[in-house]
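Enquirer: build me a model:
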Amino acid sequence: MLSTIISSVISLFLILFVGVYASKKGIITPAINNALIDILMKLTLPLLILSSYMSGFDAQVKNNVYQAFYYSLITHIFLFAISYILLIAVKGNKRDVMNFSNIFTNTGFIGFPLLNAAYGPEGVIYGTAYNMIFNIFLWSYGIMLYKGKGNDNNIKKEMLDLLKNPIIITILIGLFIMVFSIEVPQVLYSSIKLVGDITGPLSMIVVGVILSNVNFKENMKDWKVHYAVISKLIIIPLLIALIFHLMGKSSLVTKSIVLQVAMPTATLASIFAEKYNKELGFSTILVVLTTLFSVLTIPAFVVLLQYI
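Expert: Numbers count the residues shown, from 1 in each chain. I've put the predicted structure just below:
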C-alpha cells in the first residue's frame, strides 16, 4: 500500500521534467503555459473534484466530510498561532510575505492532484473541505497581509468574485451530489473522470515550465528565504501532524489535511505582490523554492503520515 502511494506521488513529480524540457526547447512558451494554467484551473481541476464526489461513498465518508471542515478550521487557527511564533524575530514587509507563505499553500493545481495520487478520490474530497476554509481566510486575512487594512469594498468584491470561481462552484455541486446521494449516469461520470484525470500530469508540466525560468542565485543570499522555505515545508506541517497525533486523530481526513498544509506556497503570493507592489521578488522566490523542494518533502510526509 505504502509503496504504491509513494510510487504514484513520485511518478507525478517526475513529469516536472517534461515541463522543464518543453520550456527549454521552446515547445511551451510563457503564453502557452498561461493557457495551460487556464485549462487546468477552469476545466480539468474542477472536473477532477467533481468526479471525486461522483465516485460513490458510504455514509461514513459523508460524516467524515463534516469532520474535515471542522479539522480544517482548527488547523487554520493553529497555523495562525504557529506562524506568529515563528516570525517574532522577523520585521517589515517580508514578515507579512512569510506569514502568507506559512499559512496559504498551493491547494489547487498541486494539492488536489497529489492528494488524488496519494489517497484517491476520498482524499480529494477531504481536501476540498480544507480548500473551502482556506479560501475564506485567503480572501480576507491573506489579502490583507499584502494590501494592508482598509479598502473593505474591494475585499468584499473579491469575496463575491470567489463565488464565481469554477473550483468553488464545483465543490458546492459535488457536496450537493454527495449529500443527496444523486446517481450520475456512468457514461457521464466516465467522461468527466477522463478529463479530470488529465489534471495531475498537466499540473506538473505547468510547474516544470515555471521552475525552468527562474534564476536562483541572486535570491539565495537572504537568510529569510532559507528560513521561510524550511518553516513552510518542514516545521509547520510537522507541527500540525504532531498536534493531530497528540489529539489521537489519525485518519485519512487528518492525513489529507496535513498533506495540504505541506504543499508549497500558494502562487497567489506572487500575484498579490505584483498587484499591491509589495516584495514581488521575495514572494516569487518563495513560491518557486517551496515548489521545487516540495518534490523531496511531500513524499517524505506521505511516508511519515503512514506511521503517525
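Enquirer: low-confidence bits of the stretch 151-300 of the chain, can you list those?
Expert: 151-159, 161-162, 215-216, 218-219 (pLDDT under 70).
Enquirer: quick check: Lys24 touching Asn213?
Expert: No: using CB atoms under 8 Å as the test, Lys24 is too far from Asn213 to be in contact (9.3 Å). Placement of C-beta: from N, CA and C, glycine included.
Enquirer: element containing the closest residue to Phe69 other than its chain neighbours?
Expert: In this structure, Phe69 finds its nearest non-sequential neighbour in Ala129, 4.7 Å apart by CB to CB, 6 or more residues apart in numbering. Using DSSP states H and E, Ala129 falls within helix 112-137.
Enquirer: tell me the buried residues in that helix?
Expert: 112-119, 121-137 (16 or more other CB atoms under 10 Å).
Enquirer: which elements pack onto it?
Expert: When contacts are defined as 3 or more CB pairs under 8 Å, 6 or more residues apart in numbering; DSSP states H and E, helix 112-137 packs onto helix 2-14, helix 45-53, helix 59-86, helix 166-179, helix 199-212, helix 252-261.
Enquirer: and these: which comes nearest Leu280?
Expert: helix 199-212 (15.2 Å; CB to CB).
Enquirer: ok, then the element right after that closest one?
Expert: Past helix 199-212, the next helix or strand by DSSP H and E is helix 223-230.
Enquirer: which strands and helices sit next to that following helix?
Expert: Using 3+ CB pairs under 8 Å, 6+ apart: helix 223-230 touches helix 93-103, helix 280-304.
Enquirer: how far off centre is that helix?
Expert: Distance, stretch centre to chain centre, for helix 223-230: 19 Å (CA atoms, centre = their mean, to the nearest Å).
Enquirer: restrict it to CA atoms and write it as CSV.
Expert: This file holds the C-alpha atoms of helix 223-230, laid out as CSV (Å, rounded to 0.1, in the frame of the first residue of the first chain):
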residue,chain,number,x,y,z
TRP,A,223,18.6,34.2,5.3
LYS,A,224,14.9,34.9,5.4
VAL,A,225,14.5,32.9,2.2
HIS,A,226,16.1,29.8,3.7
TYR,A,227,14.1,30.2,7.0
ALA,A,228,10.8,30.7,5.1
VAL,A,229,11.3,27.6,3.0
ILE,A,230,12.3,25.4,6.0
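Enquirer: residues contacting it, please?
Expert: Residues from elsewhere that reach helix 223-230 (CB atoms under 8 Å, 6 or more residues apart in numbering): 90, 94, 97-98, 101-102, 219-220, 282, 285-286, 289-290, 293.
Enquirer: got the buried residues for that helix?
Expert: The neighbour-count check on helix 223-230 (16+ other CB under 10 Å) flags 224-225, 227-229 as buried.
Enquirer: and the furthest pair within those residues?
Expert: Lys224 and Val229 (9.7 Å).
Enquirer: re earlier: and which of the buried residues of helix 223-230 is nearest His76?
Expert: Nearest to His76 out of the buried residues of helix 223-230 is Ala228 (CB to CB; 18.9 Å).
Enquirer: what about the closest one, distance to Phe293?
Expert: Relative to Phe293, Ala228 is positioned 11 Å away (CB to CB, to the nearest Å).
Enquirer: what does Asn277 give?
Expert: Distance of Asn277 to Phe293, given as CB to CB: 27 Å.
Enquirer: neighbour count: those two, which is higher?
Expert: Ranked by neighbour count (other CB atoms under 10 Å), Asn277 and Phe293 place Phe293 first, with 16 against 9.
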